[in-house]
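In: sequence? don't have it. structure:
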Ligand SMILES: CC(C)(COP(=O)(O)OP(=O)(O)OC[C@H]1O[C@@H](n2cnc3c(N)ncnc32)[C@H](O)[C@@H]1OP(=O)(O)O)[C@@H](O)C(=O)NCCC(=O)NCCS
């Protein structure tokens with residue numbers, strides 16, 4: 001997998017709106033009917049506000065100055081079992097290079113590490129082959145029909161539930177790492193270090 005110049009997972013800011021909206025506009029065919037990312041400034045502002053809540057964590061995936069995609073932990077629940085719903089989508093022309101897989105690997109590290117989660121859920125439409133292959137390669141296990149009613153684009157869509165537990169993720173040999181080098185994660189304060197310059201998992205809200 002290409003590790004140069006490396007990927008960065010960066011928390012989004014107001015300044016990222018135009019870049020993200022342009023990437024979403026260019027990726028409509030890739031995203032439909034699987035996810036509904038923010039596609040105008042109002043939905044971006046709402047998505048940003050939600051990303052900053054305690055029960056969400058969204059990251060833009062940058063490769064140098066290219067916005068490669070978005071990965072997110074949605075609806076973080078800190079009950080008897082700490083869990084979150086995974087959201088992710090890539091942007092053209094940056095798909096098919098293994099970078100989203102690398103970003104999701106880092107997100108799983110963050111989820112099971114920094115965020116202290118016990119499990120990650122993904123709710124995926126059964127015909128979403130690329131996402132299913134990606135999740136399976138990371139070690140997610142198919143659990144059957146999703147217990148949630150998931151609306152997307154105003155329509156009810158059938159989803160399947162996939163699960164990754166911290167125990168499986170952290171157990172050696174760890175699936176999904178593929179021996180790849182770690183991906184950096186920096187906060188908004190460090191954005192200037194970059195050379196240049198997030199609905200998914202099925203739910204109506206954007207990842
Ligand atoms: C799902 C999605 C994020 C995958 O993006 P991607 O950029 O193709 O992801 P990656 O490149 O990291 O995935 C690995 C793919 O790249 C290929 N690849 C190419 N070079 C690679 C490399 N060096 N290392 C790993 N994989 C590589 C793999 O073979 C794999 O191909 P496959 O899709 O035929 O199995 C993208 O298709 C997308 O945005 N879909 C719409 C949104 C969506 O469905 N989100 C999930 C909702 S539940």
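Out: Everything's here; your move. Given the structure is predicted, the values throughout are model-derived calculations rather than measurements.
In: Burial check on the residue in the chain positioned nearest to the ligand, number of neighbours?
Out: Using C-beta to the nearest ligand atom, the closest approach of the chain to the ligand is made by residue 98 at 2.4 Å. In this view, the C-beta of every residue, glycine as well, is placed from N, C-alpha and C. Residue 98 has 16 neighbours, counted by other C-beta atoms under 10 Å.
In: Backbone dihedrals for it, both of them.
Out: Main-chain torsions, residue 98, degrees, to the nearest 10: phi 90, psi 0.
In: Can you tell me how far it is from residue 29?
Out: Distance of residue 98 to residue 29, computed by C-beta to C-beta, to the nearest Å: 21 Å.
In: Name the residues of this structure found near the ligand, please.
Out: By the rule C-beta under 6 Å from any ligand atom, the part of the chain lying against the ligand is 1, 30-31, 34-35, 88-90, 95-101, 122, 124, 128, 130-131, 133-134, 200-202.
In: Now, those residues that are in strands?
Out: 88-90, 122, 124 (DSSP state E).
In: Give me the below-cutoff pLDDT ranges for the chain.
Out: 1-5, 148-154, 173-207 (pLDDT under 70).
In: strands paired with the top strand by length along the chain, and their directions?
Out: Determined from DSSP E, the single longest strand within the chain is strand 66-78. Note on strand 66-78: by DSSP bridges, its sheet partners are strand 57-63 (antiparallel), strand 82-90 (antiparallel).
In: Contacts for the shortest one, please.
Out: Outside of strand 57-63, the residues within contact range by C-beta atoms under 8 Å, 6 or more residues apart in numbering are 5-12, 16, 20, 47, 51, 67-73, 76, 84, 87, 94, 99-100, 103, 107, 110, 115, 185, 194, 197-198, 207.
In: Neighbours of residue 165, how many?
Out: There are 18 residues near residue 165, going by other C-beta under 10 Å.
In: Also residue 16?
Out: Counted with other C-beta under 10 Å, residue 16 comes out at 21.
In: and it, how far is that from residue 147?
Out: 33 Å.
In: And residue 15, by the same measure?
Out: From residue 15 across to residue 147, the span is 38 Å (C-beta to C-beta).
In: try residue 73
Out: Taking C-beta to C-beta, one finds residue 73 at 19 Å from residue 147.
In: okay, these two: which has more neighbours?
Out: residue 73 (25 against 10).
In: what's the closest non-adjacent residue to residue 99?
Out: Nearest residue to residue 99, sequence neighbours excluded (C-beta to C-beta, 6 or more residues apart in numbering): residue 68, at 5.0 Å.
In: What residues does that neighbour make contact with?
Out: So residue 68 contacts 7, 61-62, 90-91, 94, 99-100, 103 (C-beta under 8 Å, 6+ apart).
In: before we move on, what about residue 84?
Out: Going by C-beta under 8 Å, 6+ apart, residue 84 touches 57, 73-77, 111, 115, 117, 120-121.
In: Okay, helices next: where are they in this structure?
Out: 17-26, 28-31, 41-51, 99-112, 129-138, 166-170 (DSSP state H).
In: helices and strands around the last one, which ones?
Out: Put plainly, it is helix 166-170. helix 99-112 (3 or more C-beta pairs under 8 Å, 6 or more residues apart in numbering; DSSP states H and E).
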